[in-house]
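Engineer: Mind folding the following:
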Amino acid sequence: MNPIVKTIQLGDGRTITLETGKLAKQADGSVVLRMGNTMMLAVVTAAKDAVPGTDFMPLQVEYKEKYSAYGRFPGGFLKREGRASDYEILTDRIVDRVLRPLFPDDFHAEVFVTINLYSTDGEDIPDALTGLAASAALAASTIPFNGPIAEVRVARVNGQFKINPTFKELAEADMDIMVGATIDNIMMVEGEMKEVSEKELLDAIKFAHETIKVMCQAQIEFAEAIGTTVKREYSHETNDEELRADVRAKLYDKVYAVAKSAQGKQERGEAFHAIKEEYKATFSEEELAEKGVLISKYYHDVEKEAMRRCILDEGKRLDGRKTTEIRPIWSEVDYIPGPHGSAVFTRGETQALATVTLGTKEDEKLVDDVLNYSKERFLLHYNFPPFATGEARPQRGVGRREIGHGNLAHRALKPMLPDKYPYVVRIVSDILESNGSSSMATVCAGTLALMDAGVQIKKPVSGIAMGLISENKGKNYAVLSDILGDEDHLGDMDFKVTGTRDGITATQMDIKVDGLSYEILENALAQAKQGREHILGKILETMSEPRADLKDHAPRIEVLIIPKEFIGAVIGPGGKIIQAMQEETGATIAIEEIDNTGRVEVSATSKKSIDAAMAKIKGIVTVPEVGEIYDGKVRSIMPYGAFVEILPGKDGLLHISEVDWKRLESVEEAGIQEGDMVQVKLIEIDPKTGKLKLSRKALLPRPERQ
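Structural biologist: Here you go, the predicted structure:
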């Protein structure tokens, strides 16, 4: 065993080590990455040959956090790691999106990247290291890859940028972005921020890239030390250049004419399909069996070239718009009566139906990840059924795409929720049509649905997806506002930006080509701002501000903060008191300890129920004061007096001598019966026993002496 180790200095005293040759040696490449007490193993394997007919990159990235890494047991009956959590899936996607464009275009062997977190101390955030670990494992292999790459997180804490901050530092940040890049080019950006400017975002990306360059250079030297700079030979494509030339010669002009015809998605798709089918009809069945796959491939290349040339040469997009033009927008709120808020947002051929449900503490989502055991009070779920694009197939659960798109919209809207909002909020976005960014439609529909629900959001949020068509390494390019699905598929960039009028709240960018300059990125951000503001204006035309109140059928919640020592009194032995209060009032009562106090949340659809429950709770937590007058209920009568409940759970003795100014033989003689309400004054609290002494006669006029 002769392990090879490479050390990377982060510049703030921390170091990252990459080690290969010790673990998982039968894989194509394996690397142990360590920073402090964070350790992960990244392993890559690739099939020797491609599956016949494969014309895409079959890459699969799996990130898994072991509960033992943090000294924890998994939850659930089986007590073992189960399916990937949303957090693990989002980490998979961050790595996948940077790696995928950098495999050779003609390399189609299945590649598996597996990253396991084996150790963490809860201080450093491991997802920021996964891209580096995966790329280092590829560098340690002979798998063809046009890297290396690295990813880092940038946070802005107290006005200063920080590379790969700790959990504690991130909690204080107003910007949290992940940046992935090669030594020369930015490939991916994703994150959330508190209304930052375009310049601030660009500065953060540049800051990240400087560290990424150091990490990439270290991997180059790492591969040289291992001896894996020469990659394996492969032959995954068989091409027919004569057929390729024939397809282009006979179909390009026809495809170009359709590309500039400004037809709708369905009509355009049918026209493109007819051109290809007409060409295929000139071949026999035997010839199509041999060349059909190649014809489709070469036709796709022609369609891509025609669309791109139409934009670059004539400034015409597939639907006839200018590069900066936004498609027609219409929206509507209060569309569905059942939810607590709803909205339809339609932009061109993309449509999102969003609903808002307001819940209580009982509706919180419990997050039980390795490094995150918490409760989430704002949920956003995104659904993309096949019918949204006219596909006739069943919907089989939620995929990684839905989780990723929903997370982006969640990050966009979360900063604008009211501070210390008592409600648990759930947005569900169902995409009913799609031709362009449905995640950005979700942000817009979500904003409207929140306002329709009466959620007093700080500011409305809009979002836009930007595209790019470039050639000659960005020397000739066009930035596209509000991209179509085909412009995303056939273009070079998908750049989503969300924000208020005052700044950006979230972003997600994927680059599919080398050579994205900061000039292009700056222009894209500026154009995105114009588009965002236009869309925001359309949203405000539909609804300019949140409703002043909740819908009638929405739950009402009031919050009461009580001293910690009264939590037990409100709950009672075995929950007896709180259960009785809920049964008597019809309200739901939840209580928890926060910051050494008790937070009581009372909810009901009736204000009468809430008021009744609040009165009972206040009665329990109110400290009786000598001299105060109370309306009490007679609980029991004794020969020497009556016990009166002046506050919930707090009884005092009304001695027979304090019932009236005249001498009584019994309490009943004064007309007082068990169950009666009687007004009394607290005249003494025994300092030793805490017993309460009450008086009724102190509230009665004193008779004159005879």
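Engineer: Strands of the stretch 1-150 of the chain, start to end?
Structural biologist: Listed in chain order, the strands of the stretch 1-150 of the chain (DSSP state E, counting those that start in this stretch) span 4-9, 15-20, 29-35, 38-46, 59-65, 111-119, 150-157.
Engineer: Can you get me the centre-to-centre distance for the second one and its chain?
Structural biologist: Average the C-alpha atoms of strand 15-20, do the same for its chain, and the two points are 31 Å apart (Cα atoms, centre = their mean, to the nearest Å).
Engineer: and what of the third one?
Structural biologist: The gap between where strand 29-35 is centred and where its chain is centred comes out at 29 Å by Cα atoms, centre = their mean.
Engineer: now swap in the last one and tell me
Structural biologist: How far strand 150-157 lies from its chain's middle: 18 Å, per Cα atoms, centre = their mean.
Engineer: What strands line up against the following helix or strand past that strand, and which way round?
Structural biologist: Once strand 150-157 ends, the next helix or strand along the chain (criterion: DSSP states H and E) is strand 160-163. If you go by DSSP bridges, strand 160-163 pairs up with strand 150-157 (antiparallel).
Engineer: Only alpha carbons, please: show the partner strand as CSV.
Structural biologist: Taking C-alpha atoms only, strand 150-157 is exported to CSV below (Å, rounded to 0.1, in the frame of the first residue of the first chain):
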residue,chain,number,x,y,z
ALA,A,150,-14.4,22.2,-7.5
GLU,A,151,-17.3,23.6,-5.6
VAL,A,152,-17.3,26.0,-2.6
ARG,A,153,-19.9,27.7,-0.5
VAL,A,154,-19.6,31.5,-0.1
ALA,A,155,-21.4,33.2,2.7
ARG,A,156,-21.3,36.9,3.6
VAL,A,157,-21.0,37.3,7.4
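Engineer: That strand to strand 15-20, inter-axis angle?
Structural biologist: On the basis of axes from the mean of the first three to the mean of the last three Cα atoms, to 10 degrees, strand 150-157 is oriented at 160 degrees to strand 15-20.
Engineer: Next one: the residue nearest to residue 86 when sequence neighbours are not counted relative to residue 97, how far apart?
Structural biologist: Excluding the flanking residues, the one nearest residue 86 by Cβ to Cβ, 6 or more residues apart in numbering is residue 403, at 5.4 Å. (Glycine included, C-beta is placed from N, CA and C.) Computed as Cβ to Cβ, to the nearest Å, the residue 403 to residue 97 distance reads 14 Å.
Engineer: How about residues contacting whichever strand or helix holds the residue nearest to residue 86?
Structural biologist: Assigned by DSSP H and E, residue 403 belongs to helix 400-413. If you take Cβ atoms under 8 Å, 6 or more residues apart in numbering as the criterion, helix 400-413 is touched by 86, 89-90, 92-93, 190-192, 378-384, 427, 429, 438-439, 442-443, 446-447, 450, 457, 461, 463, 496, 498-499, 505-506, 508.
Engineer: contacting residues for the closest residue to residue 146 other than its chain neighbours?
Structural biologist: Closest residue in space to residue 146, ignoring its immediate chain neighbours: residue 102 at 4.5 Å, by Cβ to Cβ, 6+ apart. By Cβ under 8 Å, 6+ apart, the residues touching residue 102 are 145, 146, 147, 149, 182, 187.
Engineer: strands paired with the helix or strand encompassing the last one, and their directions?
Structural biologist: Remark: residue 187 resides in strand 186-196, with elements defined by DSSP H and E. Each strand paired with strand 186-196, and its direction, by DSSP bridges: strand 173-181 (antiparallel), strand 503-511 (antiparallel).
Engineer: just to revisit the earlier point, who wins on neighbours among the contacts of residue 102?
Structural biologist: residue 149 (29 neighbours; other Cβ atoms under 10 Å).
Engineer: Looks like that one contacts residue 98 (just checking).
Structural biologist: Yes: judged on Cβ atoms under 8 Å, residue 149 makes contact with residue 98 at a distance of 5.1 Å.
Engineer: any shared contact partners between the two?
Structural biologist: Contacts common to residue 149 and residue 98, judged by Cβ under 8 Å, 6+ apart, are 131, 180, 181, 187.
Engineer: Could you give the bridge partners of the third one?
Structural biologist: Residue 181 has the following beta-bridge partners by DSSP bridges: residue 150, residue 186.
Engineer: what's the spacing between it and residue 151?
Structural biologist: 8 Å.
Engineer: Could you do the first one as well?
Structural biologist: Relative to residue 151, residue 131 is positioned 3 Å away (criterion: Cβ to Cβ).
Engineer: any residues in contact with both of the two?
Structural biologist: 94, 95, 98, 180.
Engineer: before we move on, what SS does residue 599 have?
Structural biologist: Following DSSP: H, G, I helix; E, B strand; the rest coil, we place residue 599 in the strand state.
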